[in-house]
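Q: Need coordinates for the following:
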Amino acid sequence: MSVHKSSEDVLRRLARVEGHTRGIAKMVQENRECPTILLQIAAVQSALGKITEIILEDHIETCVAKAIREGRGEKAVQELKEAVARLL
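A: Below you'll find the predicted structure:
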């Protein structure tokens, strides 16, 4: 079992995003309308945003919480801040 409680959910969601991006590539190859392609890209961005949210929540509830319990909270919080800064 993974240390992260949401791994299976994240992997399922990533597989859907992967399929969706292949569909977008096919739409481009078929010269589909730009607004239609943009709508699909927005859907992928939204899905990735949700995946990001799930991973961040899982990280805080597992990794950061464990580090705090073990006296390594300051380092874990700093790493979290750096990760969030990269996301933004």
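
Q: Any figure for the gap between the nearest residue to Lys5 once chain neighbours are set aside and Thr52?
A: Nearest non-adjacent residue to Lys5, counting by Cβ to Cβ, 6 or more residues apart in numbering: Asp58, 6.0 Å away. Yep, even glycine has a C-beta here, placed from its N, CA and C like the rest. Relative to Thr52, Asp58 is positioned 11 Å away (Cβ to Cβ, to the nearest Å).

Q: any idea where the helices of this protein begin and end?
A: Counting by DSSP state H, the chain has helices at residues 7-29, 34-59, 65-69, 73-87.

Q: And the first one, what does it pack against?
A: It refers to helix 7-29. Helix 7-29 sits against helix 34-59, with contacts defined as 3 or more Cβ pairs under 8 Å, 6 or more residues apart in numbering; DSSP states H and E.

Q: re the thing from before, want to try a markdown table for the helices of the chain, with mean neighbour count and mean pLDDT as columns?
A: As requested, these are exported to a markdown table (neighbours: other Cβ atoms under 10 Å; pLDDT from 0 to 100):
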| stretch | mean neighbour count | mean pLDDT |
| --- | --- | --- |
| helix 7-29 | 13 | 97 |
| helix 34-59 | 14 | 96 |
| helix 65-69 | 13 | 94 |
| helix 73-87 | 12 | 94 |
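
Q: can you pull the contacts of the residue nearest to Lys5?
A: Neighbouring residues of Asp58 by Cβ atoms under 8 Å, 6 or more residues apart in numbering: 4-6, 10.

Q: Identify, from the residues you listed, the entry nearest to Gln78.
A: His4 (20.2 Å; Cβ to Cβ).

Q: that older thread, pull the most distant pair out of the contacts of Asp58.
A: Farthest-apart pair in these is Lys5 and Val10; separation 10.1 Å (Cβ to Cβ).

Q: The residue nearest to Glu61 when sequence neighbours are not counted and Leu48, how far apart?
A: Leaving out its chain neighbours, the residue that sits closest to Glu61 by Cβ to Cβ, 6+ apart is Lys5, at 7.6 Å. Going from Lys5 to Leu48 by Cβ to Cβ gives 20 Å.
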